[in-house]
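Trainee: fold the following for me, if possible:
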Amino acid sequence: MQDLVGHEESSADQYGLHEDRKMTWEEDVNARFRAIEADPTVLIVGGGQAGLMSAARLRRLGIRALVIEKNARVGDSWRHRYPNLTLHTPAYQSSMLYSPYPTTFPNYIPKGQLANFLDSYAVHQELCIWLSSSIASTPAYNSSSARWTVEVQHRDRKVFVNPKYLILATGSGSPRIPTWNGMDEFQGALYHSDFHKDAEQFRGKRVVVVGAGNASADICQDFVAHGATEVTMVQRSATCVMSSTTAEKTYLKVPFPHSTPIEELDFRNNSMPKAFFLQLKISGGTQHAKMLDKELHDGLRKVGFNLTWELSPGSGEVGLEGFVFSRQASGTMLDIGCGKLIVEGRVKAGLIKQGRDISYFDKDGITFEDGSKLSADVIVLATGNEPIMKTARALLSNDITDLLSPDVWGLDPEGELNQIYRPSGHPALWFASGPFGISRFFSKHLGLQILAKELGIA
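Mentor: The predicted structure is shown next:
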């Protein structure tokens, strides 16, 4: 479905002025913001790419959407991440709704440049956003009035808003921090990868990074570049590894040629049912990608790095795309250079501890279940983030969350994404999440569903 007839997305005014020419552009925007703040139809919690694109889509559909963002600036959710982070997908494939990146941007955009673009995007799309704002108490839903009551901590004051619909666009969840005996005894630096800021301060130190996914790979590269004496990656389970060059050839660059409008490409690339798409991967697509990365994979195996392309043993090689759809890319490494460091021994060969879990910490390192030990001055836990549903349960009451599927993200029995941009089980609650391409495309589905409810046809 592209549109509801008679309620198509609005386009920009030809002359950039209010239709009766009695208002300037600034006056028009300010009046619209006052109307949104007084009576938002939709409250969006979270101002990352998913929340911003949902708000932009709703605005074009004529639906009043207020975004609340906990950070002080739009883009801070990217701006405050580890220094050497870049997008792992090309700029064109990762473009924002209605607003492609400048052609002067690099193909893999650094996080600071991306953060600044998101900040400008909110301005250019005329989105109504309350910064330094968060939900202050458990929202309540009144089924009689079909309205939420939401208390918002907006900077230094509390405000009640009564939207019809609530969209949670809160990102990937809080840091997942496992607990092991003795962690409080470790005398070095110990922190989660979400809080990695400065590798330079650990120049000359021995570093252990627990985890073998994208964040671990980036952080290992950062420590190597800044002169850590020894960098060790602790691989606790097998990883699905694909080089960025192979990713571009197989499922990023080829399906997204710059000569074709991104809206058309989104439609094409989402027209195939995901379950069928993954069957094609199992039937030979993944094998083709593995052949392109044979040299990298052979080198990783030689130093003991454990590889997989299956979500579970014997389930079929779905490859990187299967991990994206089913696990939001958890357990994958889209390699942009760390693989070479591992093969060369700069992320120490022979010290990749795969398949042997940590037993306990002591004052100067980690001991594994097999009795082997790693001494360290710094330990970084690149152990991922909690599920989106855990965030939802922290925000909402049990009578709301009990109506929902236990999973947000992953594939349902029909091969569709669980709860994302689709009915959640509660008539006025929605989830928006995911990479740029998914957020861009499915924001239309979300917007049309809410519009249909507003028109009384759903």
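Trainee: this protein - how does it break down into domains?
Mentor: 25-174+386-454, 183-381 (automatic domain parsing).
Trainee: quick one, what contacts residue 208?
Mentor: By Cβ atoms under 8 Å, 6 or more residues apart in numbering, the residues touching residue 208 are 232, 234, 365-366, 374, 376, 378-380. Where C-beta positions appear, they are placed from N, C-alpha and C, glycine not excepted.
Trainee: and for residue 392?
Mentor: The contact partners of residue 392, taken as Cβ under 8 Å, 6+ apart, are 168, 170, 401, 404, 408, 431.
Trainee: what is the burial count for residue 125?
Mentor: As a burial measure, residue 125 scores 18 neighbours (other Cβ atoms under 10 Å).
Trainee: chain neighbours aside, what residue packs nearest to it?
Mentor: For residue 125, ignoring the flanking residues on the chain, the nearest one in space by Cβ to Cβ, 6 or more residues apart in numbering is residue 56 at 4.4 Å.
Trainee: contacting residues for the one you found?
Mentor: Contacts of residue 56 (Cβ under 8 Å, 6+ apart): 97-98, 121, 125, 127, 443.
Trainee: okay, and which of the residues you listed map to helices?
Mentor: Counting by DSSP state H, the part of those found in helices is 121, 443.
Trainee: how much space between residue 361 and residue 371?
Mentor: Residue 361 is 15 Å from residue 371, where distance means Cβ to Cβ, to the nearest Å.
Trainee: and those two? which has more neighbours close in?
Mentor: Between residue 361 and residue 371, counting by other Cβ under 10 Å, residue 361 is the more crowded of the two (20 against 8).
Trainee: in three-state terms, label that one for me.
Mentor: Classification of residue 361 using DSSP: H, G, I helix; E, B strand; the rest coil returns strand.
Trainee: beta partners of it?
Mentor: Beta-bridge pairing of residue 361 under DSSP bridges involves residue 366.
Trainee: how many neighbours does the residue nearest to residue 159 when sequence neighbours are not counted have?
Mentor: Excluding the flanking residues, the one nearest residue 159 by Cβ to Cβ, 6+ apart is residue 152, at 5.0 Å. Counted by other Cβ under 10 Å, the residues lying close to residue 152 total 21.
Trainee: could you do residue 134 as well?
Mentor: For residue 134, the count of nearby residues is 16 (other Cβ under 10 Å).
Trainee: pull the distance from stretch 31-44 to the chain's centre.
Mentor: In terms of Cα atoms, centre = their mean, to the nearest Å, the centre of stretch 31-44 is set 26 Å apart from its chain centre.
Trainee: report the mean confidence score over it.
Mentor: Per-residue pLDDT over stretch 31-44 has a mean of 98.
Trainee: also stretch 446-458?
Mentor: For stretch 446-458, mean pLDDT is 96.
Trainee: low pLDDT regions in the stretch 301-450 of the chain?
Mentor: Applying pLDDT under 70 to the stretch 301-450 of the chain flags residues 349-356.
Trainee: name the element the spatially closest residue to residue 79 that is not a sequence neighbour belongs to?
Mentor: Among residues not flanking residue 79 along the chain, residue 115 sits closest, at 3.7 Å (Cβ to Cβ, 6+ apart). Taking DSSP states H and E as the definition, residue 115 sits inside helix 111-124.
Trainee: show me what that helix is packed up against.
Mentor: Under the contact criterion of 3 or more Cβ pairs under 8 Å, 6 or more residues apart in numbering; DSSP states H and E, helix 111-124 touches helix 49-60, helix 76-79.
Trainee: and if we set it to 10 Å?
Mentor: Secondary-structure packing of helix 111-124 (3 or more Cβ pairs under 10 Å, 6 or more residues apart in numbering; DSSP states H and E): helix 49-60, helix 76-79, strand 128-130.
Trainee: and the next element down the chain from the shortest one?
Mentor: Using DSSP H and E, the helix or strand that follows strand 128-130 towards the C-terminus is strand 133-135.
Trainee: chain center to whichever helix or strand comes after that next one, what's the gap?
Mentor: Downstream of strand 133-135, the first helix or strand assigned by DSSP H and E is strand 140-142. Centroid separation for strand 140-142 versus its chain: 29 Å, with Cα atoms, centre = their mean.
Trainee: name the strands paired with strand 140-142 and say parallel or antiparallel.
Mentor: Strand 140-142 is paired, per DSSP bridges, with strand 147-154 (antiparallel).
Trainee: buried stuff in the strand it pairs with?
Mentor: 147-148, 150, 152-154 (16 or more other Cβ atoms under 10 Å).
Trainee: same thing with stretch 95-110?
Mentor: Across stretch 95-110, burial judged by 16+ other Cβ under 10 Å covers 95-98, 101, 105, 107, 109.
Trainee: rank the residues you listed by pLDDT and give me only the lowest.
Mentor: residue 107 (91).
Trainee: start to end distance for stretch 138-146?
Mentor: In stretch 138-146, first residue to last residue: 17 Å (Cα to Cα, to the nearest Å).
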